[in-house]
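Asker: after the sequence you'll find the predicted model.
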Amino acid sequence: MSTTPPNMFVIMVDQMQAQLLDQAIDACPVSLPNLRKLASTSTQLTKAYCPAPICTPTRASFQLGVPIWQHGVLGNDRNMTADMPTLPERLIKHGYNTSYVGKWHLDVTNPRGWQHHSLGNRNNGHDHGYFVMAGINAPHQGCADYADEDHLDGTVYTESLSELHRLQSQNQPWALMTSFYGPHAPYYIPKRWYDLIDPESIDLPEDFDTPFENKPAIQSDFRCRAWGQTWRKDKWQRIRAAYWGYTAMLDDFVGKLIAKVDLGDTVIVFLSDHGEMNGHHKMIYKGPMMYEQLVHVPAILHLPGQTQAKTDDRLWQTQDITAALLKLAGDHEHAATLPTRDLLDDTETGRDVVSSEFHEANWVKPVVEQRVAMLRDKQYKYVFTEAQQCELYDMEAALPEVENLAVKPAFQERVNAMHAQLCELIPWVKDAVKQG
């Protein structure tokens, strides 16, 4: 590999399930050809997990390279601590020109090292259909009457294209982060994407109607609060079809951007901040739970000059990618201070466990405040919900997150061992109230 610092292009989407890139199962009725093409010359991290199933905390962890409890950004629309340097602030010290386009969801008035910082052009028709979550009768999905480029994410695409041209015309290494707003609900997208999938052809998930037996009460409460409990099958089918149509549109934008990049001297990262329930367990969005659809995220890493596909099945946290980018930029000193593992080292075993934590949901009223923490190893997932029933799942089961093994005496030793391990990883769990 060249000693010249590589350029870096990070593409983040909001609320995309890892299952949509799973080559082994028919998880998605759209093919996502551009992401699959990128994967064909990249490393797909098939077991990457986000530090929180919510936007701002996870985005802060990516910028800072540390877990939620360490940086203290517990909910949406919070500022990052000034005591910790961000990824772009460190890259600037190594001669990088930095640029950010799209959804930020962090420090409102401080770009924290992104020299060019734009949220995208929001003055278009998409604003009238975006984030319409007024209640059960809100559309949640809809057909926009304008071109792709006039969609909110279309403006992110066109400005990112302009930034790529500007950055690549300059004689210094660059780092661009493009952050799309979707496929976050509601799915308000142009006609060709909205009509891409026939809703009547869509099946509901196998775990759609499974009961919440022996599970934390907050999950049932949240399902009702997020309206999914009352929707009929046809509404769920329209929502799921539009979600996949949205991912197809983003795949199209991603392909057009990557086509403008020299893969020989550029690191490309594609990932989602967190996932989306999209009908699993009769839920939508995200919230105080740790299902795979939320915490397991798609992640692709292309290294300069890589021409072959590689599958990495080791357990990783998405902040491990941050440390990898710093090392590729030559910042080994700061990368070594981060609580991460070296995913660039093929001899590294990866993480024995991954974790995630949730503190509040401020996008629903009244605001949900409930601390939840997860520990997952290669076979089992343990979920601690403060003062409520804990959960243990065998992730190799046919429907892995339906039967809560934590209530069975035969699994108490494993529950206790994983709880103790979680206490070591996330300090606040030690003093939290345990039940079940």
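Answerer: Yep, it's here.
Asker: residues in contact with residue 178?
Answerer: 9, 10, 11, 12, 101, 102, 156, 157, 160, 257 (CB atoms under 8 Å, 6 or more residues apart in numbering). Every residue, glycine included, has its C-beta placed from N, CA and C.
Asker: am I right that it falls within a helix?
Answerer: No. Applying DSSP: H, G, I helix; E, B strand; the rest coil, one finds residue 178 to be strand, outside a helix.
Asker: got a quick PyMOL command for the buried subset of the contacts of residue 178?
Answerer: Buried residues among the contacts of residue 178 (16 or more other CB atoms under 10 Å), as a PyMOL selection:
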select buried, resi 9+10+11+12+101+102+156+157+160+257
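Asker: tell me which of the contacts of residue 178 fall in helices.
Answerer: Using DSSP state H, the members of the contacts of residue 178 that fall in helices are 156, 157, 160, 257.
Asker: hang on, the earlier thing: pull the most distant pair out of the contacts of residue 178.
Answerer: 10 and 157 (14.8 Å; CB to CB).
Asker: residue contacts, residue 43?
Answerer: Here residue 43 is in contact with 300, 301, 302, 303, 306, 309, 310, 311, 312 (CB under 8 Å, 6+ apart).
Asker: ok so, going back, with respect to residue 272, which of the contacts of residue 178 is nearest?
Answerer: residue 12 (6.9 Å).
Asker: list the buried residues of stretch 4-20.
Answerer: 5-20.
Asker: what is the end-to-end distance of it?
Answerer: With CA to CA, to the nearest Å as the measure, the ends of stretch 4-20 fall 35 Å from one another.
Asker: strands along the stretch 201-350 of the chain, start to end?
Answerer: 266-272, 296-297, 299-302, 310-312, 316-317 (DSSP state E, counting those that start in this stretch).
Asker: what is the second one packed up against?
Answerer: So that's strand 296-297. The helices and strands touching strand 296-297, judged by 3 or more CB pairs under 8 Å, 6 or more residues apart in numbering; DSSP states H and E, are strand 48-49.
Asker: give the pairing partners of the strand it packs on; include direction for each.
Answerer: According to DSSP bridges, strand 48-49 has the following sheet partners: strand 296-297 (antiparallel), strand 316-317 (parallel).
Asker: for residue 383, find the nearest of these.
Answerer: strand 296-297 (13.6 Å).
Asker: contact partners of the closest one?
Answerer: With CB under 8 Å, 6+ apart as the test, strand 296-297 has contacts from 16-19, 47-50, 271-275, 318.
Asker: mind putting the strands paired with strand 48-49 in CSV, distance to residue 210 included?
Answerer: Supplementary listing: the strands paired with strand 48-49 in CSV, determined by distance: least, CB to CB, whole Å:
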stretch, distance to residue 210
strand 296-297, 18
strand 316-317, 28
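Asker: export these to JSON lines and tack on mean neighbour count and mean pLDDT?
Answerer: Output for those, formatted as JSON lines (neighbours: other CB atoms under 10 Å; pLDDT from 0 to 100):
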{"stretch": "strand 296-297", "mean neighbour count": "26", "mean pLDDT": "98"}
{"stretch": "strand 316-317", "mean neighbour count": "24", "mean pLDDT": "98"}
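Asker: which single one of the buried residues of stretch 4-20 is nearest to residue 179?
Answerer: Nearest member of those to residue 179, counting by CB to CB, is residue 12, at 4.7 Å.
Asker: could you report the pLDDT at that closest one?
Answerer: On the pLDDT scale, residue 12 is placed at 98.
Asker: kindly report the same for residue 124.
Answerer: pLDDT recorded at residue 124 is 51.
Asker: please apply the same query to residue 108.
Answerer: 86.
Asker: distance of it relative to residue 252?
Answerer: 31 Å (CB to CB, to the nearest Å).
Asker: before we move on, what about residue 198?
Answerer: To residue 252, residue 198 is 19 Å away according to CB to CB.
Asker: who has more neighbours out of the two?
Answerer: residue 252 (18 against 10; other CB atoms under 10 Å).
Asker: I'd say that one and residue 34 touch.
Answerer: Yes. Counting by CB atoms under 8 Å, residue 252 touches residue 34, with 6.8 Å between them.
Asker: who are the packing partners of the helix or strand of the chain with the lowest mean pLDDT?
Answerer: Lowest on mean pLDDT, DSSP states H and E among the helices and strands of the chain sits helix 217-225, with a mean of 84. The contact analysis (3+ CB pairs under 8 Å, 6+ apart) places helix 217-225 against strand 368-376.
Asker: elements contacting the helix or strand following the strand it packs on?
Answerer: Note on strand 368-376: by DSSP states H and E, the next helix or strand toward the C-terminus is strand 380-385. If contacts are counted by 3+ CB pairs under 8 Å, 6+ apart, strand 380-385 sits against strand 368-376, strand 391-394, helix 412-425.
Asker: who wins for proximity to residue 144 among the strands of the stretch 201-350 of the chain?
Answerer: Comparing the strands of the stretch 201-350 of the chain under CB to CB, the one sitting nearest is strand 266-272, at 22.2 Å.
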